[in-house]
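**Student:** here is my input; please provide its structure:
(chains A and B)
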Number of protein chains: 2
Amino acid sequence: MSYTQNIDGCFGAERLARADIDAVLANTEPALTRLRAQHGDHALPLLRLPEARDDLAACEKLSAHLLKDTSNLIVLGTGGSSLGAQALAQSVDKYRPIGLPREGAPRFHFLDNLDPFAMDAALGQLDLRTTRFLVISKSGNTAETMSQTLSVIAALEAAGGGKYIKHHFGVITEPGDRALRRLAEQYDIPVLDHPPGVGGRYSVLSSVGMVPAYCLGLDAAAVRAGAAEVLAPVLAGAKPADIPAAVGAALTFACENKLGARSQVVMPYGDRLERFAMWHRQLWAESLGKDGKGTTPIAALGPVDQHSQLQLFLGGPRDKLYTVLTQGLAGRGPRIVSNDSELAYLNGRTVGDLADAEQRATVDTLIANMRPTRTLYVPALDARTLGGLFMHFMLETIIAAHLSGVDPFDQPAVEQGKVLAKKYLQEMRR
Amino acid sequence: MSYTQNIDGCFGAERLARADIDAVLANTEPALTRLRAQHGDHALPLLRLPEARDDLAACEKLSAHLLKDTSNLIVLGTGGSSLGAQALAQSVDKYRPIGLPREGAPRFHFLDNLDPFAMDAALGQLDLRTTRFLVISKSGNTAETMSQTLSVIAALEAAGGGKYIKHHFGVITEPGDRALRRLAEQYDIPVLDHPPGVGGRYSVLSSVGMVPAYCLGLDAAAVRAGAAEVLAPVLAGAKPADIPAAVGAALTFACENKLGARSQVVMPYGDRLERFAMWHRQLWAESLGKDGKGTTPIAALGPVDQHSQLQLFLGGPRDKLYTVLTQGLAGRGPRIVSNDSELAYLNGRTVGDLADAEQRATVDTLIANMRPTRTLYVPALDARTLGGLFMHFMLETIIAAHLSGVDPFDQPAVEQGKVLAKKYLQEMRR
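**Tutor:** I've put the predicted structure just below:
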């Protein structure tokens, strides 16, 4: 396994007893049995993605189309159509932290939030002739994504580039008669299928994540291989205690029901997992938050949140479970040189040494303050380990939903707002 | 006032009664009286910043030093030494959404998170000859900021630029004998005072925010003028009901104690307030989260979180207060053109029309689902209105702390982790 889960910090005074977990763990058996069956009869397509390879050539082909003579590559898509790719981009591209692309590679932008000023900037400031757009919408009619796409096409046509539109776009959407697919056909834009039956927040291992992966120069097959490795014990019928995702799901359930933990803080250390925590936030919130149930996922980031949220985590109410994602950081980064006696403790260390010491100190301080804390340690973050983390948390979420008695795959509450927005738009003065 | 607060959505079935607020509002009187007194006797320097102008020339001078022949300007600072400036940068620079600087202006980077890979990227990929660093640390010995600064100096010296170091840096730190000040003296780096007695999370109106404001080409005085406008009714002895920050504080207290709201979601609509929500998150978490008390601030962003957190907000437990920051977005952004009948509702609208309809729809849907929801509406976001929002939430936080009986200005719990990190660093094999 490409990561190590440690839940010891969840036991002891003001926290759980070992027996609390064992009792819940037994109740994960039906969910695990169902997952095995759903893999067997292909009822949950998500579970077949890790082993799939035959669709990757088409993903690579679409990425080649998007990379041709390209200075800027913009992903238009929202929620699950963007966050997985954002996590992939951030995790492996060491230049992204300061906004620089890899040498010879285009600059990546994820316009996942509908913002009129951001769209003005994109259309007004980028060289549209060498700007490409990957449009991702499962339903093929997401209002935000369609608006962005249609405004780009209008801008290209206004600039006299109407006949080149197909060179500027690639599309991923579900099969069937959909607005986005009709638009793509109108302009002869290449289209890849969003796999049917895979919800947006569970789609990172599909074309939705793999096309961006190829665009980023990532090893897409390695992402899937890492996911397969984490799924394997589930498919092999391992005991719940030997499946980290089942242990994690039991832990979240026990913390909620035994300790009254209403929130789960997911706090990676290091910039490269910042978006991963946002990806997890959507996954958990939409999958578990329904029927009046659901703990609240809180995305944090280390070390910076030591100077922001940590005071509350340590000194506030005991209403949270803490999941800290730690990485092998020691020895990384530039070296620190100081001749100041007050800073002697830093002299000769690397930036990564300090970050490493801080992630361990935060975990130990949370535990010393009797806050239930688990760690997932990743020695080296790469495409494979990230694929494993994606699968861990997707499985954990599905199993947790089973324990809570909710459907992990729907999002019934958000429809009302969509209808209302349409109504308000129609009432607006033109 | 540059914004309008509306708390009507907090009253009704499953929410508060008007009397719940009135009772708490009376209890804000002592806090308001104390604030007036602290302004009078200069006991809380924060309250004197909105009217101050005599320090701005020095701020502008330091910014001129940092802008000379500059391609990249990096702010080194963490928590309160960065988030306010991030909010300023994002709110007013329409090019930032896609990572482009204003024409002729340097590219801004906020390295507020200690990350070895980000530091490698900064030192390895940027042209250091034209890269400048604004180093901000109130204490003058923040481990992360000192490590970053010292590793930059080492890299500059290794590249033969040792004698030009003073041209690369500006420093903001408190007066007195401090490691950062000693370092600045050693290299003849210009230093500005971090005003004593102003905590990091309350420092955005000081040099900490004003130097970056000048670097960004912002009207720093307008930021302060906006803050002064919001502070004015407090200083004039207005009734609590006529002071939006007092009403807001009473609301958070009543929602926590009458409704069991354990969290407050702060959800701005539009990219330009995304960092503002992060600034507020620190302010609230560190000021209120102590002595086992404190509600949890949750940063959200619209419209994108309609596709992420909104399902939980609408369908999950009734344990949150919702604060939606809405902006005047209608008519903004590029126009949408579509000949598809399914998308007829978008045809002829602008991207901002849709975003505007969505922010209203989200507010109304939260209320229809009987979730306590207030709005702060800003017709036009600029330096002045942003200054007003900063002051509103600082006052609200201080008053809320008074209601909860905690000290809004300390952060006692985080010291333990700092000590432990130092210990682990010392034990590490070199």
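
**Student:** give me the number of residues near residue A:407?
**Tutor:** 13 (other Cβ atoms under 10 Å in any protein chain shown). Using the backbone N, CA and C atoms, a C-beta is placed for each residue, glycine as well.

**Student:** please point out which parts of stretch A:104-120 sit buried.
**Tutor:** A:105-120 (16 or more other Cβ atoms under 10 Å in any protein chain shown).

**Student:** can you give me the end-to-end distance of it?
**Tutor:** Here the two ends of stretch A:104-120 are set 26 Å apart, with distance taken as Cα to Cα, to the nearest Å.

**Student:** ok, which stretches of the stretch 251-400 of chain A are strands?
**Tutor:** A:263-268, A:296-299, A:320-327, A:373-378 (DSSP state E, counting those that start in this stretch).

**Student:** ah, wrong one, I meant the stretch 1-150 of chain A
**Tutor:** Under DSSP E, counting those that start in this stretch, the stretch 1-150 of chain A gives strands at A:4-6, A:72-76, A:107-111, A:131-136.

**Student:** residues contacting the residue most central in space within chain A?
**Tutor:** Note on chain A: the residue nearest the mean C-alpha position is residue A:279, at 2.7 Å, using Cα atoms, centre = their mean. With contact taken as Cβ atoms under 8 Å, 6 or more residues apart in numbering or on different chains, residue A:279 is in contact with A:83, A:84, A:86, A:87, A:204, A:390.

**Student:** what about it, distance to residue A:80?
**Tutor:** Noted for residue A:279: a distance of 8 Å to residue A:80, by Cβ to Cβ, to the nearest Å.

**Student:** what touches both of the two?
**Tutor:** residue A:204.

**Student:** hang on, residue A:344 packs against residue A:338?
**Tutor:** Yes. Using Cβ atoms under 8 Å, residue A:344 is in contact with residue A:338, at 7.2 Å.

**Student:** among the two, which residue is more densely surrounded?
**Tutor:** Neighbours were counted for residue A:344 and for residue A:338 using other Cβ under 10 Å; residue A:338 has more, 22 against 11.

**Student:** isn't the more buried one up against residue A:349?
**Tutor:** No. Judged on Cβ under 8 Å, residue A:338 makes no contact with residue A:349 at a distance of 9.6 Å.

**Student:** go ahead and confirm residue A:175 touches residue A:193.
**Tutor:** Yes. Residue A:175 lies in contact with residue A:193 (Cβ under 8 Å); the separation is 5.5 Å.

**Student:** what about the two, which has more around it?
**Tutor:** residue A:193 (15 against 12).

**Student:** where do the helices of the stretch 151-300 of chain A begin and end?
**Tutor:** A:165-168, A:179-187, A:207-215, A:220-235, A:244-259, A:274-288 (DSSP state H, counting those that start in this stretch).

**Student:** which stretches of chain A have low pLDDT?
**Tutor:** A:1, A:92-101, A:430 (pLDDT under 70).

**Student:** residues contacting the residue of it most remote from its centre?
**Tutor:** Outermost residue of chain A with respect to the C-alpha centroid, by Cα atoms, centre = their mean, is residue A:341; its distance is 42.9 Å. Shown in contact with residue A:341 (Cβ under 8 Å, 6+ apart): no residues.

**Student:** again, but for residue A:422
**Tutor:** A:143, B:345, B:357.

**Student:** in helices, which of those appear?
**Tutor:** A:143, B:357 (DSSP state H).

**Student:** nearest to residue B:307, of the contacts of residue A:422?
**Tutor:** residue A:143 (10.5 Å; Cβ to Cβ).

**Student:** correct me, but that closest one touches residue B:353?
**Tutor:** No. Using Cβ under 8 Å, residue A:143 is not in contact with residue B:353, being 11.0 Å away.

**Student:** return the residues in contact with residue A:173.
**Tutor:** A:135, A:136, A:137, A:138, A:139, A:140, A:180, A:181, A:184, A:191, A:193, A:194.

**Student:** again, only this time at 7 Å
**Tutor:** A:137, A:138, A:140, A:180, A:181, A:191, A:194 (Cβ atoms under 7 Å, 6 or more residues apart in numbering or on different chains).

**Student:** of all pairs in the buried residues of stretch A:104-120, which one is the farthest apart?
**Tutor:** Checking the buried residues of stretch A:104-120 with Cβ to Cβ, the most distant pair is A:105 and A:116, at 28.6 Å.

**Student:** quick one on the thing from earlier: wait, which of the strands of the stretch 1-150 of chain A is closest to chain B?
**Tutor:** Of all those, strand A:107-111 sits nearest to chain B, with 5.3 Å by Cβ to the nearest Cβ.

**Student:** the inter-axis angle of the closest one versus helix A:207-215?
**Tutor:** Relative orientation of strand A:107-111 and helix A:207-215, computed by axes from the mean of the first three to the mean of the last three Cα atoms, to 10 degrees: 160 degrees.

**Student:** now for strand A:107-111, which elements pack on it?
**Tutor:** strand A:72-76, helix A:83-92 (3 or more Cβ pairs under 7 Å, 6 or more residues apart in numbering or on different chains; DSSP states H and E).

**Student:** now mean neighbour count and distance to residue B:29 too, for the ones you listed, in TSV please.
**Tutor:** Below are the helices and strands packed on strand A:107-111 laid out as TSV (neighbours: other Cβ atoms under 10 Å in any protein chain shown; distance: least, Cβ to Cβ, whole Å):
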stretch	mean neighbour count	distance to residue B:29
strand A:72-76	25	51
helix A:83-92	26	46
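
**Student:** TSV for the ones you listed, including distance to chain B?
**Tutor:** Listed next are the helices and strands packed on strand A:107-111 as TSV, based on distance: least, Cβ to the nearest Cβ, whole Å:
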stretch	distance to chain B
strand A:72-76	8
helix A:83-92	7
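
**Student:** which one of those lies nearest to residue B:375?
**Tutor:** Closest among these, once you apply Cβ to Cβ, is helix A:83-92, at 26.5 Å.

**Student:** quick one: that closest one to helix A:207-215, angle?
**Tutor:** Using the same axes, to 10 degrees: helix A:83-92 against helix A:207-215 is 30 degrees.

**Student:** now do the buried residues in stretch A:388-402.
**Tutor:** Applying 16+ other Cβ under 10 Å to stretch A:388-402 flags A:388-402 as buried.

**Student:** quick one: the residue of the stretch 101-250 of chain A found nearest chain B from residue B:358, how far?
**Tutor:** Residue nearest to chain B within the stretch 101-250 of chain A (Cβ to the nearest Cβ): residue A:116, separated by 2.4 Å. Distance of residue A:116 to residue B:358, computed by Cβ to Cβ: 12 Å.

**Student:** next one: residue A:58
**Tutor:** In terms of Cβ to Cβ, residue A:58 sits 34 Å off from residue B:358.
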